[in-house]
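>>> Would you be able to build a 3D model of this:
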Amino acid sequence: MAAPARRRLAYIDALNVIASFAVVMLHLNYCVWLGPEGPSWVSAIIIETLFVWAVPVFFMNTGTTLMDYRKRMSTKEFFRRRFERTVVPWVFWSLMGLAFTCYLASEFGTAEMPYLGPRSIFNDIAESKYIEFYWFFPALFSMYLSLPVLSALKNRDSSFRYIIAMGILFSGVLPLVGKLINTSSLGSFAPPVALGYTLYVLIGYQLSHWKPSRQQRLGIYAAGVVGWLAQLAGTMALSTVEAGVSTVFKGQFSPFAVAQAVAVYVLVRHAGIDEAIAARPALGKALQTLSSVTFGIYLMHWFVLRWVQNTMDPDPHDLAFRLLGAFAIYWLCAGFTFLLKRIPVVRRIVP
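Next up, the predicted model:
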């Protein structure tokens, strides 16, 4: 008997779309790391802290869609699909990144010519040295390897709540306190099971099964706004020209970032998107199509950005470049991905 198909959730498609755009926005906002000075600093740090939830939301979607994979497939089939959908594109585009880096080194001199030995290539792909944006993949793969254990836990609600609490405490609260009082000993007892993006995978799963009241949702939204303002104000206050951008209040695991990511997820989930799509099938098809190209956008936008930097030499402080450039690169990669997905065999590199 065929396994039951998972019902497609329109709000997950919407989260994929806005999170992928947020990632492009963050990557075009790289002037934030050039130092806390000049007229672009305020707009840069606003963008940097406003969109910090982008990657956490991707992992929350992973928890929502894959935690119950056992209802649809075996673990062997799960890993086969994950390999085809993520490992194959990662390796292919990383090798493309190697080739492009060689081109930039020889044509523009803006990159160091990589060593082409087999061991070096393997290490540089694994360490995301060709395409620095691909640091995401090792983190994603580690979560895939954890899901067979997490999905098999009994008493999920209590177990997941405990892991989430420990994750927030040891990955967010204690590191923040430690930075403020200049000590690193507070994280010495961190349980490994609660570290890393496990936190967001489990939060996503829990939120997908929770129906908060209107008052609870308003409280979550308020916490998200406070989380953003805390990151914004704290980073601006502690950053200096000499020391650079402070990371005391920043980071994807800070309690403020958790509050933002939860607020975004709950806002989109309870915005009535699924109901609107049910009444407007054409809109649902368009949203599904755009969501289907978001992985390709992530895979390819580094290439477009590097090409623009080397051929047009844009001013990274220019707000128009950061905003309009993000829209242009996003839609260019979306269109290119849409075309590639319709070519047999080639579609495997943009699943």
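
>>> in stretch 155-166, what counts as buried?
For stretch 155-166, the neighbour count (16 or more other CB atoms under 10 Å) marks 156, 160, 163-164, 166 as buried. Yep, even glycine has a C-beta here, placed from its N, CA and C like the rest.

>>> whoops, I mixed them up, stretch 215-225
217, 220-221, 223-224.

>>> Helices - which of those land there?
In helices, defined here by DSSP state H, the members of the buried residues of stretch 215-225 are 217, 220-221, 223-224.

>>> possible to save those residues as a markdown table with pLDDT and distance to G117?
Formatted as a markdown table, those follow (pLDDT from 0 to 100; distance: CB to CB, whole Å):
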| residue | pLDDT | distance to G117 |
| --- | --- | --- |
| R217 | 97 | 55 |
| I220 | 98 | 51 |
| Y221 | 98 | 52 |
| A223 | 98 | 50 |
| G224 | 98 | 47 |
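
>>> can you redo those as TSV with distance to Y103?
Putting these into TSV (distance: CB to CB, whole Å) gives the following:
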residue	distance to Y103
R217	49
I220	47
Y221	46
A223	46
G224	42
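
>>> hang on, L324 in a helix?
Yes - L324 forms part of a helix when assessed by DSSP: H, G, I helix; E, B strand; the rest coil.

>>> How many neighbouring residues does it have?
Counted with other CB atoms under 10 Å, the neighbours of L324 add up to 12.

>>> ok, it - contacts?
With contact set as CB atoms under 8 Å, 6 or more residues apart in numbering, L324 has no partners.

>>> Tell me where the model's unsure across this structure.
1-7 (pLDDT under 70).

>>> what residue lies at the spatial centre of it?
Nearest residue to the geometric centre of the chain (CA atoms, centre = their mean): V55, 1.9 Å.

>>> Give me the contact list for stretch 52-61.
Here stretch 52-61 has contacts from 12, 15-16, 18-20, 22-23, 25-26, 136, 140, 143, 197, 200-201, 203-204, 207, 228, 231, 250-252, 257-258, 260-261, 263-265, using CB under 8 Å, 6+ apart.

>>> Where do the strands of the stretch 1-150 of the chain begin and end?
With DSSP state E, counting those that start in this stretch as the criterion, the stretch 1-150 of the chain has no strands.

>>> burial of the residue nearest to R81 when sequence neighbours are not counted, as a residue count?
Once flanking residues are discounted, R81 sits nearest to M73: 7.4 Å by CB to CB, 6 or more residues apart in numbering. When counting by other CB under 10 Å, one arrives at 13 neighbours for M73.

>>> how close does M73 sit to L66?
10 Å (CB to CB, to the nearest Å).

>>> Likewise for T183?
37 Å.

>>> can you check F338 too?
The value you get for F338 to L66, if CB to CB is used, is 24 Å.

>>> residues contacting P175?
186-187, 251, 253-254.

>>> make it 10 Å
Neighbouring residues of P175 by CB atoms under 10 Å, 6 or more residues apart in numbering: 169, 184, 186-187, 190, 247-248, 251, 253-255.

>>> Ok, I164 next?
194, 198-203, 205-206, 258.

>>> now do 6 Å
Going by CB atoms under 6 Å, 6 or more residues apart in numbering, I164 touches 202-203.

>>> Then N155?
Contacts of N155 (CB under 6 Å, 6+ apart): none.

>>> and H317, what are its phi and psi?
phi -80, psi -10 (degrees, to the nearest 10).

>>> Excluding covalently adjacent residues, which one is nearest to it?
S40 (3.7 Å).

>>> can you tell me how far W93 sits from W53?
25 Å.

>>> With neighbour numbers in mind, choose between those two.
Taking neighbours as other CB under 10 Å, W93 and W53 compare with W53 leading, 28 against 24.

>>> And that one, how far from T247?
17 Å.

>>> for M60, same thing?
22 Å.

>>> Tell me which of those two has more neighbours.
When neighbours are counted by other CB under 10 Å, M60 comes out ahead of the other of M60 and T247, with 29 against 13.

>>> Closest to A99 out of the buried residues of stretch 215-225?
Checking the buried residues of stretch 215-225 against A99 by CB to CB gives G224 as the nearest, at 41.3 Å.

>>> Leaving out sequence neighbours, find the closest residue to that closest one.
A263 (2.5 Å).

>>> Can you mark which positions in the helix or strand harbouring the one you found are buried?
Using DSSP states H and E, A263 sits within helix 255-269. Across helix 255-269, burial judged by 16+ other CB under 10 Å covers 255-266, 268-269.

>>> And it, what does it pack against?
helix 10-28, helix 54-66, helix 214-238 (3 or more CB pairs under 6 Å, 6 or more residues apart in numbering; DSSP states H and E).

>>> circling back: so for T183 and L66, which sits in the more crowded spot?
Using other CB under 10 Å as the criterion, T183 and L66 rank with L66 on top: 22 against 11.

>>> quick one: contacts for the more buried one?
Contacts of L66 (CB under 6 Å, 6+ apart): none.

>>> distance of it from T86?
For L66 relative to T86 (CB to CB), the value is 12 Å.

>>> Could you do L150 as well?
Applying CB to CB, the value for L150 to T86 is 18 Å.

>>> between those two, which one's more packed in?
Shown here are L150 and T86; by other CB under 10 Å, L150 has more neighbours (20 against 16).

>>> and the nearest residue to L319 once chain neighbours are set aside, how many neighbours does it have?
Sequence neighbours aside, S43 is the residue nearest to L319 in space, at 5.5 Å (criterion: CB to CB, 6+ apart). Neighbour count of S43, defined by other CB under 10 Å: 16.
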